[in-house]
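Trainee: Following is a predicted model, sequence given first.
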Amino acid sequence: MRHRPVRNSLLAVLGLVLALVVPQASSATAVTAAATPAQIYGAWHCSNDACVWGTVRSVSEFDSQNHWLVDRGDGRPSVNLVVLSFVEPQKLLHRTNDATTANGVPKGMTKEIVQYFTSRGIRVMLSIGGITYTDEWDAALAENPTQLGLNAAAVANDLGVGIEIDYEQNSGPDLTGLQSFIDAYRSVHPYDASGADPTARLTIDTAAGDRWLIDINRKATADWLRTDTPVLDYANAMVPARQPSTSSAIANWQEHVDGKPTYSPVVPPLAPAKFTGSVYIADQSKSLPECTDFANSLQKSTGSFTQSVAPNGAGVSSGMLGYMFWAAERPSTRGTGTAPPNTCEGGVGGGATAYSIPVPMPALRQN
């Protein structure tokens, strides 16, 4: 933000006072609260085969393509969370064994890969679903959602990971089935506000704003992401169809904070402490500053907002939980990906330094 030249000492003093008491925002959206440090700074990871994770990989080969995640250039990790994406819901329900799957889990999601991250203080989760597996979510929830939840809980226990729900059904999602899935998972791994138990971390993805996945977002906000009776740990406001501008990203995230009181039924407001915002680092036709250049990135230009956005009907503390990045290594057969030479120490790693991201992740704000 540019200022007019200060012409005398009185104006200089006045300007200093105003700077101290009037926060500045990086967008048209007003920011009226002190900054709250980000706690989550994570990346979805799609392995080298566009999110199939269909092949067992050695740790040395995996490290050669992903070292930037565990070393931003000074030995410290660039992120404090990695979400391995994706597990196919029906295969998990049936504990399928096939060319790419072992007992319902992609073959590449091994204990060795999980430990590659956890040994460096990086939390690991598995994402169930994704846009490719929407029909499979529908089918699994219709068949036996309780068993699906129990199977997910067993995988979490076996690998020492958390679970992310990525159910991207925009039309008539099976919310009753999804409730049964969550109830079954929580019967094995109860909610843990301390964050000490990695298997107790259960999250959900929603759309970038409130205008897609409306039914899922409404249900999650009203019943699962409350600060008084939390069921899920938090939500990720996912990336939109393409990389947004600073103002578009902020407008989307503000929708979650405000809710949609004009909708019928209404979408209630979501506490800022109950969600992250997401931006692309790959899956584009060119390298992005979000990957390579923190100074010109969305995680920088939106930082004032994400750390200071005030609650508007839910929660009491200001600031979102942090950022998620889509996605590490090879999220698509097109685009550059984040494997060498397109690694992200300068963008994601630079942001981890600028924002003093805690590694390992601390206990998350609950209010």
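Mentor: Perfect, I can see it now. What you are looking at is a predicted structure, and each value in this text was computed from that prediction instead of being measured.

Trainee: how far does stretch 126-140 stretch from start to finish?
Mentor: Taking Cα to Cα, to the nearest Å, the first and last residues of stretch 126-140 lie 17 Å apart.

Trainee: centre of the chain versus it, how much separation?
Mentor: 17 Å (Cα atoms, centre = their mean, to the nearest Å).

Trainee: contacting residues around that stretch?
Mentor: Residues outside stretch 126-140 that contact it (Cβ atoms under 8 Å, 6 or more residues apart in numbering): 44, 51, 83-93, 105, 109, 148, 152, 155-156, 159, 161-169, 173-174, 205. Where you see a C-beta, it was placed from the backbone N, CA and C, and this is true even at glycine.

Trainee: cool, and stretch 279-288?
Mentor: Contacts of stretch 279-288 (Cβ under 8 Å, 6+ apart): 43, 239, 242-244, 249, 290-291, 297-299, 323, 325-332, 334-338, 342, 344, 347-348.

Trainee: Between the two ends of it, how far is it?
Mentor: Distance between the two ends of stretch 279-288: 10 Å, counting by Cα to Cα.

Trainee: Also stretch 92-99?
Mentor: 14 Å.

Trainee: that older thread, now a ChimeraX select for only the buried ones of the contacts of stretch 126-140.
Mentor: Listed next is the ChimeraX selection for buried residues among the contacts of stretch 126-140, using 16 or more other Cβ atoms under 10 Å:
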select :44,51,83,84,85,86,87,88,89,90,91,92,93,105,109,148,152,155,156,159,161,162,163,164,165,166,167,168,169,173,174,205
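
Trainee: In strands, which of the contacts of stretch 126-140 appear?
Mentor: Within the contacts of stretch 126-140, residues falling in strands by DSSP state E are 44, 83-87, 105, 162-166, 205.

Trainee: what about the strands in the stretch 151-300 of the chain?
Mentor: 162-166, 202-206, 235-237, 275-280 (DSSP state E, counting those that start in this stretch).

Trainee: Now mean pLDDT too, for the ones you listed, in a markdown table please.
Mentor: As requested, those are arranged in a markdown table below (pLDDT from 0 to 100):
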| stretch | mean pLDDT |
| --- | --- |
| strand 162-166 | 98 |
| strand 202-206 | 98 |
| strand 235-237 | 98 |
| strand 275-280 | 98 |
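
Trainee: Include distance to Asn312 when you put these into JSON lines, please.
Mentor: Below are the strands of the stretch 151-300 of the chain laid out as JSON lines (distance: least, Cβ to Cβ, whole Å):
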{"stretch": "strand 162-166", "distance to Asn312": "25"}
{"stretch": "strand 202-206", "distance to Asn312": "17"}
{"stretch": "strand 235-237", "distance to Asn312": "15"}
{"stretch": "strand 275-280", "distance to Asn312": "13"}
